[in-house]
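**Student:** sequence plus predicted model, see below.
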Amino acid sequence: MKLHIVGSSGTFPAPGRPCAGYLIEHGNTRVLCDAGPGTFMSLPVDPDSIDAVVISHQHADHCSDLLTIFHAWTYRPEPRVDVPVYGPASVLERVMAFVDKGQEDVFAGTLRYQAVAGGDEVTIGDFTVRFADMYHSVPCVGSRWEAGGRSLFYTGDTGPGGDWREAARGVDLMLSEASYQEWNKNPEYPMHLSGAEAGEIAREVGARKLVLTHIPPYLDSALSVHEAEVAFDRPVALAVPGVGFEV
Ligand SMILES: [Zn+2]
């Protein structure tokens, strides 16, 4: 299994750093997981080779490029048809607000949206993907990816609360958000993790490798990695666009 970082910026993109977007590949199957602003134009592969899209939640920094994908795959001489998209029902509602009245069937013809929630499991080509309800301000699904005897867990956006940790138990690679650092944690919005919390949780669930993502452009990502390494008690990697990880 291979994880390509397409975008990793938290909250808003920066030059050369799209928001959340991860290409997960195994065998002949390619899936784009999250489609934040800038991810579609930064894909390292032919977009038409993508078999499916998974969206964690409705916040724009995770899903707005679904509209770009809809346009790119629809309004051209030979449109793509029936590409499966998985995510919370609330994502579809939000995205459809941008689609012109009367075009709903056109959207559905290109992107076949299937609503999922925690506990659901789907098969996408060579992958089995199991979803978990995360602890965020809107419905958000984390996803556990299994293929070829390897496993990856992606947190989407989440705080340390909720009961999602079991879904990440024993994974080979945990791709975790780290929106905060210890100094700027917001007790009034405990819906994100700090690097230290990501490290603590990765250690608790027995993840073999931890990769941090969703760090906003105004934070020094080296400090996030340092805080995570202290808590994880092992080296921690940073999600940088263009970088790939063998899982
Ligand atoms: Zn969010």
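**Tutor:** Okay, I see it. Numbering: from 1, shown residues only.
**Student:** first-to-last residue distance for stretch 44-64?
**Tutor:** 19 Å (Cα to Cα, to the nearest Å).
**Student:** could you do stretch 132-146 as well?
**Tutor:** For stretch 132-146, the end-to-end distance is 14 Å (Cα to Cα).
**Student:** likewise stretch 238-247?
**Tutor:** This stretch, stretch 238-247, spans 15 Å end to end (Cα to Cα).
**Student:** pLDDT of that stretch, averaged?
**Tutor:** Stretch 238-247 shows a mean pLDDT of 98.
**Student:** list the buried residues of it.
**Tutor:** Under the neighbour-count criterion of 16 or more other Cβ atoms under 10 Å, stretch 238-247 has Leu238, Ala239, Pro241, Phe245, Val247 buried. Where you see a C-beta, it was placed from the backbone N, CA and C, and this is true even at glycine.
**Student:** list the residues that contact Ala178.
**Tutor:** Ala178 makes contact with Leu193, Ser194, Gly195, Glu197, Ala198, Leu212, Thr213, His214, Ile215, Ser224, Ala228 under the criterion Cβ atoms under 8 Å, 6 or more residues apart in numbering.
**Student:** now, those residues that are in helices?
**Tutor:** Gly195, Glu197, Ala198, Ser224, Ala228 (DSSP state H).
**Student:** any idea how far the nearest residue to Val247 once chain neighbours are set aside is from Pro217?
**Tutor:** Excluding its sequence neighbours, the residue lying closest to Val247 (Cβ to Cβ, 6 or more residues apart in numbering) is Met1, at 4.0 Å. Distance from Met1 to Pro217, counting by Cβ to Cβ, to the nearest Å: 29 Å.
**Student:** the two: who's more crowded?
**Tutor:** Under the neighbour definition other Cβ atoms under 10 Å, Met1 and Pro217 were set side by side, and Met1 has more, 22 against 13.
**Student:** before we move on, the earlier item: need the ones in helices among the contacts of Ala178 in JSON lines (columns: neighbour count, pLDDT and distance to Thr39).
**Tutor:** Converted to JSON lines, the ones in helices among the contacts of Ala178 look like this (neighbours: other Cβ atoms under 10 Å; pLDDT from 0 to 100; distance: Cβ to Cβ, whole Å):
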{"residue": "Gly195", "neighbour count": "31", "pLDDT": "98", "distance to Thr39": "23"}
{"residue": "Glu197", "neighbour count": "23", "pLDDT": "98", "distance to Thr39": "25"}
{"residue": "Ala198", "neighbour count": "33", "pLDDT": "98", "distance to Thr39": "21"}
{"residue": "Ser224", "neighbour count": "28", "pLDDT": "98", "distance to Thr39": "21"}
{"residue": "Ala228", "neighbour count": "30", "pLDDT": "98", "distance to Thr39": "24"}
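**Student:** farthest pair in the residues you listed?
**Tutor:** Spatially, the most separated pair among the ones in helices among the contacts of Ala178 is Glu197 and Ser224, at 10.8 Å (Cβ to Cβ).
**Student:** check the offset of stretch 108-125 from the chain's centre.
**Tutor:** Stretch 108-125 sits 15 Å away from the centroid of its parent chain (Cα atoms, centre = their mean, to the nearest Å).
**Student:** and the protein, which residues reach the ion?
**Tutor:** His59, Asp157 (Cβ under 5 Å from the ion).
**Student:** show me where the chain has its helices.
**Tutor:** 60-63, 65-74, 89-96, 104-110, 195-205, 221-232.
**Student:** circling back to that earlier point, reformat the buried residues of stretch 238-247 as TSV; add distance to Ala202.
**Tutor:** Putting the buried residues of stretch 238-247 into TSV (distance: Cβ to Cβ, whole Å) gives the following:
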residue	distance to Ala202
Leu238	14
Ala239	14
Pro241	22
Phe245	14
Val247	14
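**Student:** closest one of these to Phe153?
**Tutor:** Val247 (10.3 Å).
**Student:** correct me if wrong: Ala167 contacts Gly142.
**Tutor:** Yes: counting by Cβ atoms under 8 Å, Ala167 sits close enough to Gly142 to count as a contact (6.1 Å).
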